[in-house]
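Novice: task: produce atomic coordinates for the following.
(chains A, B and C)
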Amino acid sequence: MPELPEVETTRRGIEVHALGHRIERIVVREARLRWPVSPEVASESAGRHIVAVGRRGKYVSFALEDGGHLLLHLGMSGSVRVVAMTTPPFRHDHVDIVLDSGRALRLNDPRRFGSLHYIHGDPARHPLLAHLGPEPLDGVLDGDYLHARSRGRRSAVKAFLMDSRVVVGIGNIYANEALYRARIHPARAAGRISLARYRRLAEAVKAVLAEAIAAGGTTLRDFTASDGRPGYFRQQLDVYGRAGKPCRRCGTALTERRLGQRSTVYCPNCQR
DNA sequence: ATATGAGCCTGTATGC
DNA sequence: TGCATACAGGCTCATA
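Specialist: Down below sits the predicted model:
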């Protein structure tokens, strides 16, 4: 599912084809996404050049020459492919961003939890982005920060790690993986974890995300990069999807349970 | 303020 | 075989 590494993989794939190109038009075949796609997405974008392709958390942003931005979220099942404009759309191909190169950025999203917005002005002040925590790979995230933010929090550290107001980009898969690497039990109260252990956790988060990006993300079912290829990090997952299998460190069978309505897998022996 | 649960949506897997 | 139900997951909103 698209977490930070999958979104970054998408961004990189798109950037090559989008940067410096003009948007000819945007075709919306299905406007009923997470939020209805506003008509101004098409009307404000047509004829404008794309001057940057960025990412904030799990959002991809297209900066347009006049200062406006398109903000794209892949939800849980979204993907973008770069196709020839003339390629017939397939099921769930909801939006085409048609470029002057004759190609189109084609958004496919079976579950329609994704979104596409046009933003006037500073995107950082948009309600969807204004309250987001720091980027995990930007250097701001460290053990001291996580320790400070978690004081007084009684909920599970896994939920804390997945809270986008604390830090962005970490969804269910990578929360499981990072906690395993840091040897922290996912159900432990966030406010009762030491600074030393948060330092380990911060490093684990950065390492697992960086490695996943290098592998092109994790493909479970829907996700493909913009060239249609899947991500290959699945083979490197230590716990997610491995319930009942032996822990790679100690051989103990991995436990699965639900935590905050999310599938949680961990080693009952080496995660404390 | 934090914490929890519902709901959005479709495809796939499981149970009867 | 068919039908019903559960589950997957990111995010926001409503409620405690």
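Novice: quick one: contacts for the residue in the stretch 151-272 of chain A that DNA strand C sits nearest to?
Specialist: Nearest to DNA strand C, among the residues of the stretch 151-272 of chain A, is A:Gly171, at 2.2 Å (CB to the nearest atom of the strand). All C-beta spots, glycine's among them, are computed from the backbone N, C-alpha and C. Shown in contact with A:Gly171 (CB atoms under 8 Å, 6 or more residues apart in numbering): A:1-4, A:58, A:162.
Novice: keep only those of those residues that are in strands.
Specialist: Residues of those located in strands (DSSP state E): none.
Novice: confidence score at A:Ser77?
Specialist: Looking at A:Ser77, its pLDDT is 88.
Novice: again, but for A:Asp66
Specialist: We have a pLDDT of 93 for A:Asp66.
Novice: and it, how many neighbours?
Specialist: Applying other CB atoms under 10 Å, we find 12 residues neighbouring A:Asp66.
Novice: so what does the residue lying closest to A:Ala243 once chain neighbours are set aside have for phi and psi?
Specialist: Leaving aside its chain neighbours, A:Ala243 sits nearest to A:Glu256 (3.5 Å; criterion: CB to CB, 6 or more residues apart in numbering). Main-chain torsions, A:Glu256, degrees, to the nearest 10: phi -120, psi 130.
Novice: contacting residues for A:Glu256?
Specialist: If you count contacts by CB under 8 Å, 6+ apart, A:Glu256 has them with A:243-244, A:263-265.
Novice: any quick PyMOL command for the buried ones out of these?
Specialist: Entered in PyMOL, the line below selects the buried ones among the contacts of A:Glu256, by 16 or more other CB atoms under 10 Å:
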select buried, chain A and resi 264+265
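Novice: doesn't A:Leu19 make contact with A:Leu99?
Specialist: No - contact criterion CB atoms under 8 Å: A:Leu99 and A:Leu19 do not qualify, at 10.4 Å.
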